[in-house]
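Engineer: sequence below, structure please.
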Amino acid sequence: MKILNSAPISPFGGLNFVLKEFDNLKIDQIFKDNLPKLSSNSKYKWKDILYSFWSIYFCGGESIEDLGHNFKNFLCDIPYMNVPSPDRILSRFKELSVPKSFRKSPRGKAINELSENKALNSLNIKLLKKLNPKKYTRNDLTLDYDNTIIYTEKADAKNTYLKAFGYQPGVAIIGNDIVGVQNRNGNSVAYALQDETLKVIFENLKSEGVQVKNFRADSASYNFNILSLVNQYVDNVFVRVKMSESVYEVINSIDKWTQIDTKDGRTLYRGSAVFTPFKKTAKEQNKKELLKEYKIVVTKEANCDGQLNMFTNEACVYGCIMTNDFTKTDDEIVFFYNQRGATEREFDVLKNDFGWQNLPFSKLEQNTVFLILTAICRNLYNYIISHFSKIYKHLKSNFRIKKFIFRFVCIPGKWVKSGRTMKLRLYGSLAFKT
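Structural biologist: So this is what the prediction gives:
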């Protein structure tokens, strides 16, 4: 086989269009206004640092080391950025970290390590308002909150309730946009100090003029202090109920059940009642004025083994959703709550597409910087795929980033000088709509 050497060609020609769109949005100005000022002698600006970092994921990389080993030679000719080394990027990320706090739960022995980075979370919200200004001026937004476990054996990682070491960050999501991230160590259970976590998230949104109407969460948020805090910021809450003796008493009081036949052949029964939870807790804390009436929607189904429930004397399993929205029907409440299942998909995307499973640092607070900046990359990708799918016929707005890379980014190309101007020569066809 005879080999002829030729001028190098980048396999990521489509990345130029992504970075050009970033420039069109003028997000560089947001970096200048909200990130620490760099020395005038600094070779790399924040634009260079972040464009290069995000390019890793827009080129199919999995960890920050890919920039040095696999991509740097191909990215250096792109005129929209200067490409630093991975070590330079990591050192800048360390400068953005904020010391973690140590907090003890009111009723527990565990010391909770919490890492909040208000500056970067505010930067994220500013970028989201830039990407989608109409969305974040609406007054009907729904915020979903959940925690996820990131398994890791970093130096300071603690054992989770699943008996594996890792972190357990709390994440706030509006639609498919990540709007808040607070990192927690693995031994911090989801409900511990969640009211303080949510207060920080809501205050960040409020300071940026973002108004939230609805709040959805799992049973970890079924807590008097948490819901009392949430009710100060939103109109409606939708929370899954933890089963207890008092909840079973409410279920026994329901005398009207509606039969529901599902498409997969199951038979469910649904009913509702009005009740006031947390009376004992409110009395202990001398906060009876914070008690509220809620509607509880109960869905029951016959269990597999026929075992009777000792409280209801029925062989059923129960699912309960609590809300203070009395305008919706029972079915509408269940349907609206079940839409929060999309948050689990977002965790899958963050872990597998945007590096959350490959944390680069050994300290919790430094990895918080990484989590937020990769979440921002996820938000930028939401905008890019939505925008480009309107002008490129082979793209759809629901594509995962891997498919986007194969269909758009991986087009060979190089920059050439022609007529005193630099032009991008592509060795392929981009079928843009005209």
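Engineer: sticking with the spatially most central residue of the chain, tell me its helix or strand.
Structural biologist: The chain has residue 178 as the residue nearest its centroid, 3.8 Å off, counting by Cα atoms, centre = their mean. Per DSSP states H and E, residue 178 falls inside strand 177-184.
Engineer: give me the mean pLDDT for that strand.
Structural biologist: For strand 177-184, the mean pLDDT works out to 95.
Engineer: sheet partners, orientation included, of it?
Structural biologist: Partner strands for strand 177-184, per DSSP bridges, with pairing direction: strand 111-115 (antiparallel), strand 170-174 (antiparallel).
Engineer: show me which parts of the helix or strand following it are buried, residue by residue.
Structural biologist: Downstream of strand 177-184, the next assigned helix or strand under DSSP H and E is helix 194-207. Residues of helix 194-207 classed as buried: 194, 195, 196, 197, 198, 199, 200, 201, 202, 204, 205 (neighbour count, 16 or more other Cβ atoms under 10 Å). No exception for glycine: its C-beta is placed from N, CA and C like everyone else's.
Engineer: just the residues contacting stretch 342-353, thanks.
Structural biologist: Here stretch 342-353 makes contact (Cβ atoms under 8 Å, 6 or more residues apart in numbering) with 57, 144, 146, 148, 150, 171, 173, 176, 178, 356-357, 374-375, 378, 400-402.
Engineer: if we use 7 Å, what do you get?
Structural biologist: 57, 144, 146, 148, 173, 176, 356-357, 374-375, 378, 400-401 (Cβ atoms under 7 Å, 6 or more residues apart in numbering).
Engineer: and these, which are buried?
Structural biologist: Applying 16+ other Cβ under 10 Å to these flags 57, 144, 146, 148, 173, 356, 374, 375, 378, 401 as buried.
Engineer: what helix or strand does the first one sit in?
Structural biologist: Under the assignment given by DSSP H and E, the secondary-structure element containing residue 57 is helix 46-58.
Engineer: related to what we said a few turns ago, just send the strands paired with strand 177-184 back as TSV, with distance to residue 236 and mean pLDDT too.
Structural biologist: TSV is the format used below for these (distance: least, Cβ to Cβ, whole Å; pLDDT from 0 to 100):
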stretch	distance to residue 236	mean pLDDT
strand 111-115	27	89
strand 170-174	15	95
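Engineer: give me whichever of those is most buried.
Structural biologist: strand 170-174 (a mean of 23; mean count of other Cβ atoms under 10 Å).
Engineer: who's in contact with that strand?
Structural biologist: 141-148, 178-182, 184, 197, 201, 343, 346.
Engineer: how far out from the middle of the chain is the strand holding residue 178?
Structural biologist: 6 Å (Cα atoms, centre = their mean, to the nearest Å).
Engineer: for stretch 124-134, same thing?
Structural biologist: 15 Å.
Engineer: quick check: mean pLDDT of that stretch?
Structural biologist: Rounded mean pLDDT across stretch 124-134 is 94.
Engineer: then stretch 15-28?
Structural biologist: 93.
Engineer: what's next to that stretch, contact-wise?
Structural biologist: With Cβ under 7 Å, 6+ apart, stretch 15-28 has contacts from 47, 51, 55, 58-59, 78, 80-81, 127, 130, 384, 387, 409, 413, 424.
Engineer: just the buried residues from these, in ChimeraX please.
Structural biologist: Provided next is the ChimeraX selection string for whichever of those are buried by 16+ other Cβ under 10 Å:
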select :47,51,55,58,59,78,80,81,127,384,387,409,413
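Engineer: with respect to residue 312, which of the contacts of stretch 15-28 is nearest?
Structural biologist: Sorting these by how near they are to residue 312, with Cβ to Cβ, puts residue 127 at the top with 49.5 Å.
Engineer: show the contacting residues for the closest one.
Structural biologist: Residue 127 neighbours (Cβ under 7 Å, 6+ apart): 27, 30, 376, 379.
Engineer: any idea how far it lies from residue 380?
Structural biologist: 7 Å (Cβ to Cβ, to the nearest Å).
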